[in-house]
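J.: Can you look at this prediction? I've put the sequence above it.
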Amino acid sequence: MNNLSAGQIQYLRQHKKHQRIVCISRILILLSFLFIWEFTANVGIIDSFIFSSPSKIALCFWGMVKDGSIFLHMGVTLYETLASFFLVTFVSILASVALWFSSKLSEILDPYLVVLNSLPKSALAPLLIVWLGATKTTIIVAGMSVAIFGSILNLYTSFTTVDPGKIKLVYTLGGNRFHALSKVVLPSSIPAIISNMKVNIGLCLVGVIIGEFLAARNGLGYLIIYSSQVFKMDWLLMSIVLLCIMAMGLYAVIELIEKLCGKRF
């Protein structure tokens, strides 16, 4: 701080003040929403049976924590989401590399990838159940189906837009196509890969929940569909809140990976 000018110090103070205001405002909005929800449910402005209330959701969560059932449901959903996410990441990079190596293959498959990417993935879930049965494999594949085709298209586009001058330099120095891929294309595409991962983690979670709606006996998706059928709104809203927290946590992990990669590269 001693080496900074007065203007720089003033800017840093204003920036920190702005961050504090944003953080406090977010917390106040959340607390205000919870207070209004709780108050209106308690005085009868809204029907607490249908809309529940924060206190009921908290008591429901604590009850499921004590009997351990909530950890089973969260663990199953987390496992299926991570499995589909890692498979999507691996397969999409592998497929994008294959398309980059063969321009003819990319021209042949491009319309099929576009069509499959635009296909409503919820329509595939019942078909997957018929083909694979009501198993965790079906749910993982359902999670993959939501993200895989768009991921391949985005990564392949990133590979093809790498600076051609750098690739030409590799060839000039005696390198081959594999050297161009490993030394130029993949390192230059790391930001695109990380950005894709940010999108895919949410899409895989959505796909897993769709699969759990139809083919699960546990998991947060199963808990949502079961609680809606028996009108247990506390369970339903608690599951939705947990899904939001899970999504935010997974996204934060990807952002941490992005920062680590930024420092390294």
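T.: Ah, there it is. Numbering: from 1, shown residues only.
J.: drop to CA atoms for contacts and neighbour counts, all remaining ones
T.: Noted.
J.: remind me which residues of the protein are low pLDDT?
T.: 1-2, 262-265 (pLDDT under 70).
J.: Excluding chain neighbours, what is closest to Gly207?
T.: Leaving out its chain neighbours, the residue that sits closest to Gly207 by C-alpha to C-alpha, 6 or more residues apart in numbering is Gly143, at 3.8 Å.
J.: biggest helix in this protein, by residue count?
T.: helix 6-43 (DSSP state H).
J.: Report the buried residues of it.
T.: 37-38, 41 (16 or more other C-alpha atoms under 10 Å).
J.: okay if I get the residues you listed as JSON lines plus distance to Ile70?
T.: Output for those, formatted as JSON lines (distance: C-alpha to C-alpha, whole Å):
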{"residue": "Trp37", "distance to Ile70": "24"}
{"residue": "Glu38", "distance to Ile70": "23"}
{"residue": "Ala41", "distance to Ile70": "25"}
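J.: and which of those residues is nearest Ser96?
T.: Trp37 (47.7 Å; C-alpha to C-alpha).
J.: quick one, what contacts the closest one?
T.: Contact analysis of Trp37 by C-alpha atoms under 8 Å, 6 or more residues apart in numbering lists 53-54.
J.: Just to check, Ala95 is in contact with Gly150?
T.: No - between Ala95 and Gly150 there is no contact under C-alpha atoms under 8 Å: 11.8 Å.
J.: okay, now Thr77: neighbour count?
T.: 26 (other C-alpha atoms under 10 Å).
J.: mind listing what it touches?
T.: Thr77 touches 208-209, 219-221, counting by C-alpha under 8 Å, 6+ apart.
J.: What distance do you get for it to Lys166?
T.: Distance, Thr77 to Lys166, by C-alpha to C-alpha, to the nearest Å: 43 Å.
J.: still on that earlier bit, okay, and which of the contacts of Thr77 map to helices?
T.: 208-209, 220-221.
J.: Now flag whichever of those residues is closest to Trp100.
T.: So of those, ranked by how close each gets to Trp100 (C-alpha to C-alpha), first place is Val208, at 29.7 Å.
J.: If we ignore the residues flanking it in sequence, what's nearest that closest one?
T.: Among residues not flanking Val208 along the chain, Gly143 sits closest, at 4.5 Å (C-alpha to C-alpha, 6+ apart).
J.: Distance from the helix or strand that neighbour falls within to the middle of the chain?
T.: Using DSSP states H and E, Gly143 sits in helix 136-160. Per C-alpha atoms, centre = their mean, to the nearest Å, the displacement of helix 136-160 from the mean C-alpha position of its chain is 12 Å.
J.: Give me the buried positions along that helix.
T.: Applying 16+ other C-alpha under 10 Å to helix 136-160 flags 136-156, 158-159 as buried.
J.: What ranges does the protein have for its helices?
T.: 6-43, 48-51, 54-67, 69-101, 103-118, 124-132, 136-160, 164-172, 177-180, 186-188, 190-215, 220-229, 233-264.
J.: Now Met64. Nearest residue, chain neighbours left out?
T.: Met64's closest residue in space is Ile70 (C-alpha to C-alpha, 6+ apart), at 5.3 Å.
J.: since we're on that neighbour, how many residues are nearby?
T.: Neighbour count for Ile70, taken as other C-alpha under 10 Å: 22.
J.: How about the contacts made by Leu82?
T.: Counting by C-alpha under 8 Å, 6+ apart, Leu82 has contacts Ile201.
J.: again but with Ala125, I slipped
T.: 142, 210-211, 214.
J.: how does it look with 10 Å?
T.: 131, 138-139, 141-143, 145, 207-208, 210-215 (C-alpha atoms under 10 Å, 6 or more residues apart in numbering).
J.: now do Val114
T.: Contacts of Val114 (C-alpha under 10 Å, 6+ apart): 149-150, 153.
J.: any idea how far the nearest residue to Pro126 once chain neighbours are set aside is from Val97?
T.: Closest residue to Pro126 apart from its sequence neighbours, by C-alpha to C-alpha, 6+ apart: Leu214 at 7.4 Å. Going from Leu214 to Val97 by C-alpha to C-alpha gives 34 Å.
J.: One more: Gln8?
T.: Relative to Val97, and taking C-alpha to C-alpha, Gln8 is found at 46 Å.
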